[in-house]
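Asker: show me the folded form of this:
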Amino acid sequence: MTMRTVSLVHGQGLDHFSGVIAETCPIAGRFLANPGAAPQYQRVLDRRSSHEDLVDHLVRSTPLQRGEAARVVLDVLAYFDETTEGFVRRRHRELQSQGLRNEAIFERISHELPHRAVTPPALSIRQLRRLVYG
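Answerer: As a prediction, the model looks like this:
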């Protein structure tokens, strides 16, 4: 996915980009010409919850700029918003790309699941396979 940013200069507005729906970018003074959010953020952005106080705190207490702090907050919210099915599928892809075989992958995932922020119900190896392969 490619995103194009547009800076407003000398009174030029978005009228030069007809048909483009713009959203503001975390970097001040820019607009996203293609506001399609990455899938891992979509559920978080759909809620439109305001976490400005947390972003303000991160800016005050860390060397992060405001845009970077907002991205960190979105990353954390997306991490905790990931479903069990999404986690299993994502980890399977990651471990498979490292060259592991399914037997080792599903064994490893079954050991990782209880350590998630919200522990899902215990799933058997067969249930894990069905989540990935249907």
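
Asker: hmm, who's touching stretch 102-118?
Answerer: If you take CB atoms under 8 Å, 6 or more residues apart in numbering as the criterion, stretch 102-118 is touched by 79-80, 84, 87-88, 91-92, 95-96, 100, 119-120, 122-125, 128-129. Just so you know, the C-beta spots here come from the backbone N, C-alpha and C atoms, and that holds for glycine as well.

Asker: tell me which helix or strand comes right after the host helix or strand of Glu103.
Answerer: Using DSSP states H and E, Glu103 falls within helix 102-112. Using DSSP H and E, the helix or strand that directly follows helix 102-112 along the chain is helix 125-133.

Asker: report the buried residues of the helix holding Glu103.
Answerer: Buried residues in helix 102-112, counted by 16 or more other CB atoms under 10 Å: Ile105, Phe106, Ile109, Ser110.

Asker: list just the nearest of those residues to Val55.
Answerer: Ile109 (32.8 Å; CB to CB).
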